[in-house]
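[1] give the three-dimensional model of this entry:
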Amino acid sequence: MKKSVIITGHAGGIGKALVSEFKGAGYFTIGLDGECSVLADVNIVCDLAELVNDNQKLTTVCDQINVALEGKGLNVLVNNAAVQILDGINRVSLDDFKFTLDVNLVAPFLLSKLMFSRLKESKGAILNIGSIHSLLTKPRFISYATSKAALKGMTQAMAVDFGRHVRVNMIQPAAISTEMLVDGFKNNPDGLSQLASYHPSGSIGAAEEVARLAVFLSSDDVRFINGASVDMSGAIGARLHDPS
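    The predicted model follows:
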């Protein structure tokens, strides 16, 4: 039976790379995103923040997933979708803080819970796409850093709870060269080069590197990797501070 994977946020930079890499590894791909994308075998348009707060929409999406998986098993769930709303604690609104948690933390929790029985049947895997901000952060990232730190803790707790049935791991990237990142530096091209220089590797990571690691961690060949948060930071996480 052909393996299947659900990937959230599949229309974004890392999401597109994930779809491409899993397809290349022979997976049937199901994408969940607020935007439509033709890359996945099945594209389900949904707002993850609405999904966790509206039972009717949740039921609709679950029905769509069940139709897409008819006659197939589910082997991997990749919780990749995330939002990043920047503002300091004195300025960020409670609504924005809660919205960030809904998308970055509650949605992965809910989807993992709902897909557990399918993943248990296949002895599958859950992979959470985290961030270096779960360990090291900077001003104005209070919402995002909190959500990713909580996602790291949830990854470990889920791995313990699911035990031998479903493996749960996390990738923690630093700066990754996506359209969103590059667009943020369109008026400051020197800033992008400077960002790359901050990483001891001398470069920014590629979305394809994240995707290749995701497929590897989802493989049955590495079943003892469980509850892990894998650093993918170009060694910037080993520095005491960004150089001046």
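[2] residues contacting residue 227?
    Residues in contact with residue 227 (CB atoms under 8 Å, 6 or more residues apart in numbering) are 155, 156, 159, 160, 168, 169. Where C-beta positions appear, they are placed from N, C-alpha and C, glycine not excepted.
[3] just residue 181 next, same as before
    Taking CB under 8 Å, 6+ apart as the contact definition, residue 181 lies against 13, 175, 192, 204.
[4] same list, the residues you listed, but as a markdown table with distance to residue 97, neighbour count and secondary structure please.
    Shown next, in a markdown table, are the contacts of residue 181 (distance: CB to CB, whole Å; neighbours: other CB atoms under 10 Å; DSSP: H, G, I helix; E, B strand; the rest coil):
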| residue | distance to residue 97 | neighbour count | secondary structure |
| --- | --- | --- | --- |
| 13 | 24 | 18 | helix |
| 175 | 24 | 18 | coil |
| 192 | 28 | 17 | helix |
| 204 | 28 | 21 | coil |
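[5] among those residues, which two are most distant?
    Maximum pairwise distance in these, criterion CB to CB, is 14.4 Å, between 13 and 192.
[6] check which residues of the helix or strand containing residue 216 are buried.
    Secondary structure from DSSP states H and E places residue 216 in helix 207-218. In terms of neighbour count (16 or more other CB atoms under 10 Å), helix 207-218 has its buried residues at 207, 208, 209, 210, 211, 212, 213, 214, 215, 217, 218.
[7] sorry, back to before: and the contacts of residue 181, which is closest to residue 107?
    Checking the contacts of residue 181 against residue 107 with CB to CB, the nearest one is residue 13 at 18.8 Å.
[8] what is the burial count for residue 99?
    Residue 99 is flanked by 17 other residues according to other CB atoms under 10 Å.
[9] now swap in residue 24 and tell me
    Count around residue 24 with other CB under 10 Å applied: 11.
[10] kindly state the pLDDT recorded for it?
    pLDDT for residue 24: 97.
[11] what's the answer for residue 116, then?
    pLDDT, residue 116: 98.
[12] that one reaches residue 168, doesn't it?
    No: using CB atoms under 8 Å, residue 116 is not in contact with residue 168; the gap is 10.3 Å.
[13] number of nearby residues for residue 25?
    Counted with other CB under 10 Å, residues neighbouring residue 25 total 17.
[14] my guess is it contacts residue 214. True?
    No: the criterion here is CB under 8 Å, and residue 25 misses it with residue 214 at 9.9 Å.
[15] which intervals of the protein have sub-threshold pLDDT?
    242-244 (pLDDT under 70).
[16] compare residue 116 and residue 168 (neighbour count), which wins?
    Per other CB under 10 Å, whichever of residue 116 and residue 168 has more neighbours is residue 168, with 24 against 19.
[17] ok, that one - contacts?
    If you count contacts by CB under 8 Å, 6+ apart, then residue 168 has 112, 125, 126, 127, 128, 155, 158, 159, 162, 226, 227 around it.
[18] helix, strand or coil for it?
    strand (DSSP: H, G, I helix; E, B strand; the rest coil).
[19] for it, give its distance to residue 182.
    The gap separating residue 168 from residue 182 is 31 Å, by CB to CB, to the nearest Å.
[20] need the helices for this protein, in chain order.
    13-24, 48-51, 55-68, 94-101, 107-122, 142-162, 179-184, 189-198, 207-218 (DSSP state H).
[21] let's see the last one as PDB, backbone CA atoms only.
    Extracted C-alpha coordinates of helix 207-218, given in PDB (Å, rounded to 0.1, in the frame of the first residue of the first chain):
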ATOM      1  CA  ALA A 207      13.700  24.700   2.500                       C
ATOM      2  CA  GLU A 208      14.800  21.500   0.700                       C
ATOM      3  CA  GLU A 209      17.200  20.700   3.500                       C
ATOM      4  CA  VAL A 210      14.300  20.800   6.000                       C
ATOM      5  CA  ALA A 211      12.200  18.600   3.800                       C
ATOM      6  CA  ARG A 212      14.900  16.000   3.300                       C
ATOM      7  CA  LEU A 213      15.400  15.800   7.100                       C
ATOM      8  CA  ALA A 214      11.600  15.500   7.500                       C
ATOM      9  CA  VAL A 215      11.500  12.500   5.200                       C
ATOM     10  CA  PHE A 216      14.400  10.900   7.000                       C
ATOM     11  CA  LEU A 217      12.900  11.300  10.400                       C
ATOM     12  CA  SER A 218       9.600   9.900   9.200                       C
END
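[22] thanks a lot, catch you later.
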